[in-house]
Each structure stands twice: as C-alpha cells, then as structure tokens.
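A.B. asks: just the structure for this:
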Amino acid sequence: MTVLLKKTWASAVLWLCLVLGMGVVFWQVAVPDLWQRACWLGAWPVEEGCEVYAFRHHPETRPEVYSAHVQAHVGDAHAWTALAQTLWVRQDPELDAALKVAGALAPFHTTVLLARADLALKRSDWPVAAQTLVALVERGFGQAQPSLQALMQHPEGQSAVLAQVRPDTRWLDAVLANLDAATHPATVLPFVDVGVQHGVLKAGTLLAMVDRLKRANQWADAHALWVTQRGQVPAGLYNGDFESRALRRGFDWEWAQQATGKAGMRVQQVSASPDPGLLLQVDLTGRGALPVPMVSQVVWLPGERYRLRARFMTDALRTREGVVWALHCAQGGERWASSEPM
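C.D. replies: Model prediction:
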C-alpha cells in the first residue's frame with residue numbers, strides 16, 4: 001500500500017512539473033508574440049507594455065519597422081497597406097514595390113486606392129487614375145469626388161473616365177448631382193449623354209443639369225436635355241393647360257417663392273370645374289411687393305412666328321396698369337411683345 005502511494009505521488013509530481021514546464025515555455029515563447037500582435041493591432045491590453053513594440057498605425061512608425069514585420073508575416077495585408085501608406089506619405093521610391101504587394105492582398109483598400117490614384121495622376125496615367133478614382137467613389141469615399149470631377153473636365157483624362165461608364169454604374173449620378181458650383185455644365189455634357197444612353201442618371205439629376213445649363217445660357221443644350229428627360233414635349237408652350245402639376249423648374253411654369261408672412265401673391269393649381277383639367281390661380285394678397293414676373297416660363301422657339309392665346313378670369317382685380325403677358329429674351333433685355341392689360 002505504501003509503495004503504491006509513493007508511485008502515484010511521484011507520477012503526479014512528474015505531471016505537475018511537465019505542465020509547469022509547458023507553461024513556462026508558453027509564457028516565454030507564445031505570450032510575447034501574442035502581446036506583440038496585440039500591440040500591432042491596437043487591441044487590448046495595449047494601454048501598457050507596448051513601448052518596445054510597434055503600433056500598426058502609429059504616425060511615428062518608420063518604414064523599416066513595417067518592412068521587418070512583413071518579412072516575418074508576409075501575408076499580413078494590414079501591414080502591407082500600412083507600409084504603403086508610410087512610404088506614400090514620405091514619397092519614398094520603394095512605394096511602387098510595396099504598393100504592388102499591398103494591391104494584390106487588398107486591392108480595394110482605401111489607402112491602396114488613394115496611393116495608386118495619386119501616383120497615376122502625377123504620371124499622367126489617365127486610365128489607371130480614372131479606374132482608381134471611380135473605385136473610390138463607388139465605395140462611398142466622397143473625398144475622391146473633387147479629383148474625379150477635375151479629371152472628367154481634363155482634356156486628356158476625360159475619355160479615360162468616359163470609358164468607366166457602364167450600364168451598372170452608380171458613381172456617375174452621384175458625381176453629377178454634386179458638381180462644384182464653379183463647374184461649367186457644358187464641360188460635363190459628354191457624361192450626361194452617355195449616362196442617359198445607359199440609363200444610369202436619375203430624373204432629379206437631369207433636371208438639376210437642365211437648370212445649370214439655363215443659368216449658364218446654354219439654352220440649346222438645356223432644352224435638348226429637357227426633351228430627353230421629359231420624353232414627348234409639344235412645340236411652344238409646355239403644360240399650357242396646366243394639365244400636370246408645375247415642376248417650377250426646367251422649361252415648365254415657374255414663380256418666385258416668397259416669405260409666408262410677406263408674400264405679395266399666392267399661386268396654386270386648382271380644379272377648372274366645371275371644365276375639365278386644372279387652372280393656375282394667382283391671388284394678390286396686398287401684403288408685400290409683387291415679384292416681376294409673377295408667373296413665367298422659358299419657351300424654346302426655333303421658328304419665326306407664334307401666337308399666344310390665353311383664357312383667364314379675374315375677380316376684384318385692381319391695378320394701375322393691369323396685368324399682362326409679356327415676352328422677353330431669356331438672356332434679358334426689354335420686353336418685345338405683350339398682351340393688352342387685363
């Protein structure tokens with residue numbers, strides 16, 4: 001009995017020493033590596049004890065640290081992108097080699113795309129620049145839109161961006177809808193044309209482009225796009241019987257928006273009952289100055305002679321000079337025709 005107890009105790013001590021020995025080995029080999037990995041990823045417990053290790057995204061980490069890390073962890077995509085970013089910031093000539101590997105491991109990482117676009121623009125590599133900037137915008141990186149807009153207007157880069165427009169394109173509508181106010185709309189008309197062909201532009205984006213063309217006095221282009229957006233458009237006055245709700249933009253009826261409390265007039269479309277359809281009702285409130293014109297429409301008139309006919313009804317209208325329909329050139333100037341005062 002005594003011999004058996006001694007053998008059991010000896011086995012337990014042996015196993016305990018073996019477990020403790022394995023723990024010591026694990027602590028000396030695995031724990032430092034795990035701690036280093038936690039520091040590299042910026043994970044807990046990096047609050048203390050990372051002074052001797054490198055942070056993956058620390059701004060002061062040198063390229064040599066990243067290079068040493070990727071040599072030991074060749075498949076670490078995060079480390080390669082961090083190395084590429086550091087080299088890019090420093091304009092290091094080793095960037096091309098690092099970017100090639102980082103692009104293979106993480107082709108759509110924002111850092112990789114930004115560095116690739118920057119290099120392509122500096123080298124006038126328009127196809128690569130266009131493809132990369134489009135990829136950034138498609139993935140919701142809005143800061144790339146100004147660069148893409150500039151490339152869309154570049155004499156040499158425009159064709160490269162046009163080649164990126166496809167039937168499943170999403171970026172074009174977003175870019176055209178957020179054009180810089182200083183951008184002349186005529187410079188991006190090729191993109192509007194190809195966007196319409198592929199059916200990738202929303203109605204609101206096209207209407208906004210029509211209005212931009214109007215403000216730029218590009219009347220022929222504006223009306224052509226208006227017809228494209230609206231479909232069948234009759235010659236002369238549009239929506240002449242107020243058969244549809246006025247858009248108050250494009251080549252439809254428009255009127256000024258006044259402050260509610262000081263509005264000199266109110267405009268609304270109401271039923272023309274007992275006649276079919278709608279009519280435009282203009283109420284003069286007397287509370288403020290009247291805008292001139294009160295109601296207007298830009299009309300595209302390519303012919304030589306036209307006749308304006310209108311039906312109207314007034315109720316308690318008192319004015320010094322009456323109300324008239326007047327025709328002006330869309331670019332301004334004095335009126336050149338008008339109706340008799342109502």
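
A.B. asks: just checking, what packs against the helix or strand containing Ala160?
C.D. replies: Per DSSP states H and E, Ala160 falls inside helix 158-162. Contact analysis of helix 158-162 by 3 or more C-beta pairs under 8 Å, 6 or more residues apart in numbering; DSSP states H and E lists helix 126-138, helix 145-152, helix 189-198 as its packing neighbours. To be clear about C-beta, it is placed using only N, CA and C from the backbone, and glycine gets the same treatment.

A.B. asks: hey, where'd the strands end up in this structure?
C.D. replies: 254-255, 265-271, 278-284, 295-296, 326-327, 337-338 (DSSP state E).

A.B. asks: for the fifth one, which helices and strands make contact with it?
C.D. replies: What that stands for is strand 326-327. Here strand 326-327 is seen to pack against strand 337-338 when contacts are counted using 3+ C-beta pairs under 8 Å, 6+ apart.

A.B. asks: what residues of stretch 223-239 count as buried?
C.D. replies: Within stretch 223-239, the residues scored as buried using 16 or more other C-beta atoms under 10 Å are His223, Ala224, Leu225, Trp226, Gln229, Arg230, Leu237, Tyr238, Asn239.

A.B. asks: quick one: the helices in the stretch 201-342 of the chain, in order.
C.D. replies: 203-215, 219-230 (DSSP state H, counting those that start in this stretch).

A.B. asks: the ones you listed: which one's closest to Leu148?
C.D. replies: Of all these, helix 203-215 sits nearest to Leu148, with 15.6 Å by C-beta to C-beta.

A.B. asks: and that closest one, how far out from the chain's middle?
C.D. replies: 16 Å (C-alpha atoms, centre = their mean, to the nearest Å).

A.B. asks: give me the buried positions along that helix.
C.D. replies: Those would be Thr205, Leu206, Leu207, Ala208, Met209, Val210, Arg212, Leu213, Lys214, for helix 203-215 by 16+ other C-beta under 10 Å.

A.B. asks: CA atoms only: put that helix into PDB for me.
C.D. replies: Extracted in PDB, the C-alpha atoms of helix 203-215 (Å, rounded to 0.1, in the frame of the first residue of the first chain):
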ATOM      1  CA  ALA A 203     -34.600  62.300 -63.100                       C
ATOM      2  CA  GLY A 204     -33.600  64.800 -60.400                       C
ATOM      3  CA  THR A 205     -30.000  64.800 -61.600                       C
ATOM      4  CA  LEU A 206     -31.100  65.600 -65.100                       C
ATOM      5  CA  LEU A 207     -33.500  68.400 -64.000                       C
ATOM      6  CA  ALA A 208     -30.700  69.900 -62.000                       C
ATOM      7  CA  MET A 209     -28.400  69.800 -65.000                       C
ATOM      8  CA  VAL A 210     -31.100  71.500 -67.200                       C
ATOM      9  CA  ASP A 211     -31.300  74.300 -64.600                       C
ATOM     10  CA  ARG A 212     -27.500  74.600 -64.500                       C
ATOM     11  CA  LEU A 213     -27.400  74.900 -68.300                       C
ATOM     12  CA  LYS A 214     -30.100  77.500 -68.200                       C
ATOM     13  CA  ARG A 215     -28.200  79.600 -65.700                       C
END
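
A.B. asks: quick one: residues in contact with it.
C.D. replies: Residues outside helix 203-215 that contact it (C-beta atoms under 8 Å, 6 or more residues apart in numbering): 173, 176-177, 179, 185-186, 192, 196, 219, 221-222, 225-226, 228-229, 247, 249-251, 298, 330.

A.B. asks: same list (the helices and strands packed on helix 158-162) but as CSV, adding distance to Gly75.
C.D. replies: Listed next are these as CSV, based on distance: least, C-beta to C-beta, whole Å:
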stretch, distance to Gly75
helix 126-138, 23
helix 145-152, 31
helix 189-198, 39
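
A.B. asks: what's the most buried one of those?
C.D. replies: helix 126-138 (a mean of 21; mean count of other C-beta atoms under 10 Å).

A.B. asks: number of nearby residues for Gly250?
C.D. replies: 24 (other C-beta atoms under 10 Å).

A.B. asks: what's near enough to touch it?
C.D. replies: Applying C-beta under 8 Å, 6+ apart, we find Gly250 in contact with Leu207, Val210, Asp211, Lys214, Trp226, Gln229, Arg230.

A.B. asks: switch to 7 Å and redo it
C.D. replies: Contacts for Gly250 were tallied using C-beta atoms under 7 Å, 6 or more residues apart in numbering; they are Leu207, Val210, Asp211, Trp226.

A.B. asks: in terms of distance to Ser11, which of the buried residues of stretch 223-239 ranks first?
C.D. replies: Distances from Ser11 to these, taken by C-beta to C-beta, are shortest for Gln229, at 88.2 Å.

A.B. asks: quick revisit: the contacts of Gly250 into TSV, with extra columns for pLDDT?
C.D. replies: TSV is the format used below for the contacts of Gly250 (pLDDT from 0 to 100):
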residue	pLDDT
Leu207	95
Val210	96
Asp211	95
Trp226	95
